[in-house]
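>>> Kindly return the folded structure for what I paste below:
(one chain, ligands or ions: 1)
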Amino acid sequence: MAKLKEITNYLENLAPISLQEPYDNAGLIVGDTNSEISAVLVTLDVSEEVIEEAIEKKVQLIVAHHPIIFSGLKKITGENYVERSIIKAIKNDIAIYAAHTNLDRVTGGVNSKICEKLGLQNCKILQAAAGQLKKLVTFIPVEYSDKVRKAIFKAGAGNIGNYDSCGYTSNGEGSFRGNKNSQPFVGEKGKIHTEKEVRFETIFPAYLQGKIIQTLLNSHPYEEVAYDIYVLENKFDKTGMGMIGTLPTPISEKEFLFQLKNTFHTGVIKHTALLNKQVKTIAVCGGSGSFLLKQAITAGANFFVSGDFKYHQFFDAENKIVIADIGHFESEQFTKELFYELLTKKFPKFALHLSEANTNPVFYF
Ligand SMILES: [Zn+2]
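Numbering: from 1, shown residues only. Next comes the predicted model:
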């Protein structure tokens, strides 16, 4: 048994909600965070069939990729499948949680899973996120600098590429005067005091700001801790949209199409003209990825594997890349497996079920 809150906290640590797209509605959609959970059903979509399955399998929580509610509901009368699913879930005490575009954007998320299934190596984010990095500058009395720095790194600051604990310190002097209500750690109240301090600076992902500041305040000895937070223009290479990686050995375009068809069990692959080139570099984006085509071309990918391409968007390949539209559902189907792995790792005693319902609304004749 675990509280629902523990599960959502765990998932949100891996895929922070603040990373989701503005139109999205990831997070807990139905349910009480204090309820006890012992069995979970993982699925790509929530439908009435999936709720039925949840009832049958006696689970208290459904973890889905697509949120069943995107925009607000003003009435819940059972008029459509969304309302009927919600009513059925609430009646049966089943919570619904979704990790959607936030899970698309993290390393180890939806696109990492696609890369893994394709056997790609050296995978990295295709379009690194902007506005996700911040800088912390703080001033620490010399003898505490090691302790505070270590605590801040441990909280998740200072990661750049393959390096952790990245920071910079310089020596200086801080000055302050406490009023009559103060309790200065050094010096006397009412008197200006100067203290040898280090200026410490490091970077951190914006979604960790609360944790980083709390860690700073907890580890720093001063009554009032001086610090600055800067928004950075730098891109954060650990989060963003799509991924790119390389095949261990180059293969022909036809061989790669066969591999795609087998791996993703696709009814059909819609693709642009083959270019008679060996295939080595593959860009992927689960779901609707046409917006990343330019990045995939610029990054030198031979293939762009995604879903939901419109007729006119296929023209944009311009013989620079092969677009392979394998279908929205097909591209994201292994997200179920991803949820399963993530939840088993943390909650090995849970009864975890992979939904058996085929929620793909698209059929191939
Ligand atoms: Zn999707």
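>>> Whichever residue of the chain sits closest to the ion: which element?
Proximity of the chain to the ion (C-beta to the ion) peaks at Gly287, 3.4 Å away. For every residue, glycine as well, the C-beta is placed using N, CA and C. Gly287 belongs to strand 279-288 when elements are defined using DSSP states H and E.
>>> before we move on, the earlier item: touching, the residue of the chain closest to the ion and Asp325? I think so.
No: in this structure Gly287 lies outside contact range of Asp325 using C-beta atoms under 8 Å: 11.4 Å.
>>> The stretch 1-150 of the chain: helices as residue ranges?
4-14, 48-56, 81-91, 101-104, 110-118, 145-154 (DSSP state H, counting those that start in this stretch).
>>> So which residues on the stretch 151-300 of the chain come close to the ion?
Remark: the part of the stretch 151-300 of the chain in contact with the ion comprises Gly287, using C-beta under 5 Å from the ion.
>>> what about the residue of the chain closest to the ion, how many residues close to it?
Using other C-beta atoms under 10 Å, Gly287 has 20 neighbouring residues.
>>> Tell me how far it lies from Ile297.
As for Gly287, its distance to Ile297 is 19 Å (criterion: C-beta to C-beta, to the nearest Å).
>>> likewise Gln183?
Applying C-beta to C-beta, one obtains 61 Å for the distance of Gln183 from Ile297.
>>> more neighbours, the two?
Each of Gln183 and Ile297 had its neighbours counted (other C-beta under 10 Å), and the higher figure belongs to Ile297 (17 against 7).
>>> check contacts around that one.
Shown in contact with Ile297 (C-beta atoms under 8 Å, 6 or more residues apart in numbering): Phe304, Lys320, Ile321.
>>> Can you classify it by secondary structure?
Three-state assignment for Ile297 (DSSP: H, G, I helix; E, B strand; the rest coil): helix.
>>> Please renumber the chain so that the first residue is 31 from this point on.
Yes, from this point I'll number from 31; that puts the last item at Ile327.
>>> what pLDDT does it get?
Looking at Ile327, its pLDDT reads 98.
>>> what does the strand holding Gly317 rub up against?
134, 140-141, 143-145, 148, 150, 156, 271-277, 280-283, 285-286, 322, 325-326, 329-338, 351, 358, 361-362, 365.
>>> now do stretch 282-290
Contacting residues not belonging to stretch 282-290 are listed as 148, 277, 281, 296, 299, 301, 304-309, 312, 332-333, 335, 352, 354, 356 [C-beta under 8 Å, 6+ apart].
>>> Give me the buried subset of the residues you listed.
Buried subset of those (neighbour count, 16 or more other C-beta atoms under 10 Å): 148, 277, 281, 296, 299, 301, 309, 312, 332-333, 335, 352, 354, 356.
>>> for Asn332, what are its contacts?
By C-beta under 8 Å, 6+ apart, the contact set of Asn332 is Glu283, Leu305, Lys307, Gln308, Val309, Lys310, Thr311, Ile312, Ile351, Val352.
>>> how about 7 Å then?
Contact partners of Asn332, counting by C-beta atoms under 7 Å, 6 or more residues apart in numbering, are Lys307, Val309, Lys310, Thr311, Ile312, Ile351, Val352.
>>> For Thr293, see how far away the second one is.
Counting by C-beta to C-beta, the separation of Val309 from Thr293 is 14 Å.
>>> and if you look at Tyr252?
Counting by C-beta to C-beta, the separation of Tyr252 from Thr293 is 56 Å.
>>> Which one's more surrounded, those two?
Ranked by neighbour count (other C-beta under 10 Å), Tyr252 and Thr293 place Tyr252 first, with 19 against 16.
>>> Going along the chain, name the strands of the stretch 131-280 of the chain.
Taking DSSP state E, counting those that start in this stretch, the strands of the stretch 131-280 of the chain run over residues 151-159, 163-171, 198-206, 223-235, 257-261, 266-281.
>>> got TSV for those, with distance to Gln244 and mean pLDDT too?
Formatted as TSV, the entries for the strands of the stretch 131-280 of the chain read as follows, by distance: least, C-beta to C-beta, whole Å; pLDDT from 0 to 100:
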stretch	distance to Gln244	mean pLDDT
strand 151-159	23	94
strand 163-171	12	97
strand 198-206	21	97
strand 223-235	12	97
strand 257-261	12	97
strand 266-281	21	95
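>>> Relative to Asn388, which of those is closest?
Minimum separation from Asn388 across the strands of the stretch 131-280 of the chain (C-beta to C-beta) falls at strand 266-281, 25.8 Å.
>>> who touches the closest one?
If you take C-beta under 7 Å, 6+ apart as the criterion, strand 266-281 is touched by 49, 134-137, 141-142, 145, 149-159, 162-163, 191, 235, 308-315, 319, 322, 325, 329, 331.
>>> Out of those, which end up buried?
Among the contacts of strand 266-281, those scoring as buried are 49, 134-136, 141-142, 145, 150, 153-159, 162-163, 235, 309-315, 319, 322, 325, 329, 331 (criterion: 16+ other C-beta under 10 Å).
>>> what lines up beside the strand holding Gly317 in the sheet?
Strands adjacent to strand 309-318 in the sheet, as given by DSSP bridges, are strand 266-281 (antiparallel), strand 333-337 (parallel).
>>> Out of those strands, which one sits most buried?
When neighbours are counted by mean count of other C-beta atoms under 10 Å, the highest per-stretch mean among these falls to strand 333-337, a mean of 27.
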